[in-house]
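Colleague: quick one, structure for this:
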Amino acid sequence: MATTALPVVEIAKNTYEIDEFDCGSIFVLVGEEKAMVIDTGTGIGDLRAVIAGITDKPIVLFVTHAHGDHVGGLGWFDEYYMNEADVGKYAMEGVEFRKNYAGFITQRSGKTYPYDPDTDIRPWPADAHPVRHDLVDGQTFDLGGRVVTAMRAPGHTPGSMVLLDPATRILFAGDACNCNTLYGTVPGDPTFVSVETAGQALKDIYALKGKVWDKCYNGHHDFRDFGAPLDEEVMPNLIAICDELVSGNYEAQTVPGMFPGSPDRTVVTKGTVMVTFRAEGIHEPQ
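Modeller: Next up is the predicted model:
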């Protein structure tokens, strides 16, 4: 079994999406001098080998947020950039979460994958000590003939960040913009971000559409075809839901939890977009 044979597609010139068996999407942006890798997936197989098949340039690793399905492969890199607001709030090395998550994806999709979560999702190497560099709003990275810019997007996590790539006019959104967007935290939770704050951050990002970016790629391709961008209605519908929640003019429904055994969740939907929330977490605390 070759778990390094992850599917790869070139989505734009020198820009690649790696499919980690439906668990996550990893992106590689190749400049003249360096390559940027966006997220590291759940940690199935040898991501470094897959990247080496794309480019041999030095890697700059950009982490959109600290959830295990985006940092699972981080232990095989020496350094990375991630926003400070996510530090210490998530079990980034948690191999059990990663195994359970991969198992859940298999059950949800009904597909068969060429890997075994129990053997192919490994703990980080014992000597893994990846060094974090801070990632802040407006920070730029010059890859050589290609300059990309980080932008804050708190909501899914406090430190969520997106990346703007003017060369391809692509917005790499991580989990800040999904068809299945998860908020659901409340004041007092160390990971709390209000829907009010999340919605404003999305408006700031959307205001740049047509100016800096045209297409949006999120960190999971389960709501879009592999290699294809999100539908253009996703972000405006997501913003509209946030506005409805903030105004109090919404119709909520209860749906099953995302994971087996997890509690039911309260959601609002619009078009193809579903937002999970808790009423106590809509507004900024007074």
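Colleague: can you give me the pLDDT of R122?
Modeller: pLDDT, R122: 89.
Colleague: quick one: contacts for the most centrally placed residue in the chain?
Modeller: The structure's the chain has its C-alpha centroid closest to G174; by Cα atoms, centre = their mean the separation is 2.6 Å. The contact partners of G174, by Cβ atoms under 8 Å, 6 or more residues apart in numbering, come to 38-39, 64-65, 70, 153, 156, 160-162, 218-219. (C-beta placed from N, C-alpha, C; glycine too.)
Colleague: closest one to A12 out of the residues you listed, please.
Modeller: Nearest to A12 out of those is I38 (Cβ to Cβ; 13.4 Å).
Colleague: what bridges to the residue lying closest to the closest one once chain neighbours are set aside?
Modeller: Using Cβ to Cβ, 6 or more residues apart in numbering and skipping the chain neighbours, the partner closest in space to I38 is F27 (4.1 Å). Note on F27: beta-bridge partners by DSSP bridges are E17, I38.
Colleague: with L182 instead?
Modeller: With DSSP bridges as the rule, L182 is bridged to T276.
Colleague: which strand or helix spans E196?
Modeller: helix 195-206 (DSSP states H and E).
Colleague: ok so I241 is a strand residue?
Modeller: No. I241: not assigned to a strand; according to DSSP: H, G, I helix; E, B strand; the rest coil it is helix.
Colleague: rewinding a little: so what's the residue nearest to I38 scoring on pLDDT?
Modeller: Reported pLDDT at F27 in the predicted model: 98.
Colleague: check contacts around it.
Modeller: F27 sits next to 15-18, 37-39, 172, 217 when contact means Cβ under 8 Å, 6+ apart.
Colleague: settle this for me: A12 is touching T168, isn't it.
Modeller: Yes. Under the criterion of Cβ atoms under 8 Å, A12 makes contact with T168 at 4.0 Å.
Colleague: from A252, how far out is the closest residue in space to K111 that isn't next to it in sequence?
Modeller: Counting by Cβ to Cβ, 6+ apart, D22 is the residue found nearest to K111 once chain neighbours are left out, at 7.0 Å. Distance, D22 to A252, by Cβ to Cβ, to the nearest Å: 29 Å.
Colleague: tell me the contacts of T149?
Modeller: T149 sits in contact with 138-141, 163-164, 166, where contact means Cβ under 8 Å, 6+ apart.
Colleague: doesn't N237 belong to a strand?
Modeller: No. Using three-state DSSP, the assignment for N237 is helix, not a strand.
Colleague: before we move on, the earlier item: just the closest of the contacts of T149 to P285, please.
Modeller: Nearest to P285 among the contacts of T149 is G138, at 26.7 Å by Cβ to Cβ.
Colleague: over to L171: give its phi and psi.
Modeller: For L171, the backbone dihedrals (degrees, to the nearest 10) come out as phi -100, psi 120.
Colleague: any stretches of the stretch 51-200 of the chain with poor pLDDT?
Modeller: By pLDDT under 70, the stretch 51-200 of the chain has no low-scoring segment.
Colleague: now for M82, how many residues are close by?
Modeller: 24 (other Cβ atoms under 10 Å).
Colleague: can you tell me the closest non-neighbouring residue to it?
Modeller: Nearest in space to M82, with sequence neighbours left out and distances taken as Cβ to Cβ, 6+ apart, is V63 at 4.0 Å.
Colleague: I'd like to know how far that neighbour sits from T112.
Modeller: For V63 relative to T112 (Cβ to Cβ), the value is 30 Å.
Colleague: what about T140, how many neighbours?
Modeller: There are 9 residues near T140, going by other Cβ under 10 Å.
Colleague: contact partners for it?
Modeller: 147-150.
Colleague: at 7 Å instead, please
Modeller: 147-149 (Cβ atoms under 7 Å, 6 or more residues apart in numbering).
Colleague: what does stretch 156-164 rub up against?
Modeller: Residues from elsewhere that reach stretch 156-164 (Cβ under 7 Å, 6+ apart): 38, 62, 64-67, 82-86, 135, 148-154, 171-176, 181-182, 191, 193, 205, 212-213.
Colleague: before we move on, the earlier item: who has more neighbours out of A12 and T168?
Modeller: A count of neighbours by other Cβ under 10 Å puts T168 above the other of A12 and T168, at 20 against 15.
Colleague: touching, that one and N14? I think so.
Modeller: No. Using Cβ atoms under 7 Å, T168 makes no contact with N14, being 8.4 Å away.
Colleague: for D86, what are phi and psi?
Modeller: Main-chain dihedrals, D86, degrees, to the nearest 10: phi -100, psi -10.
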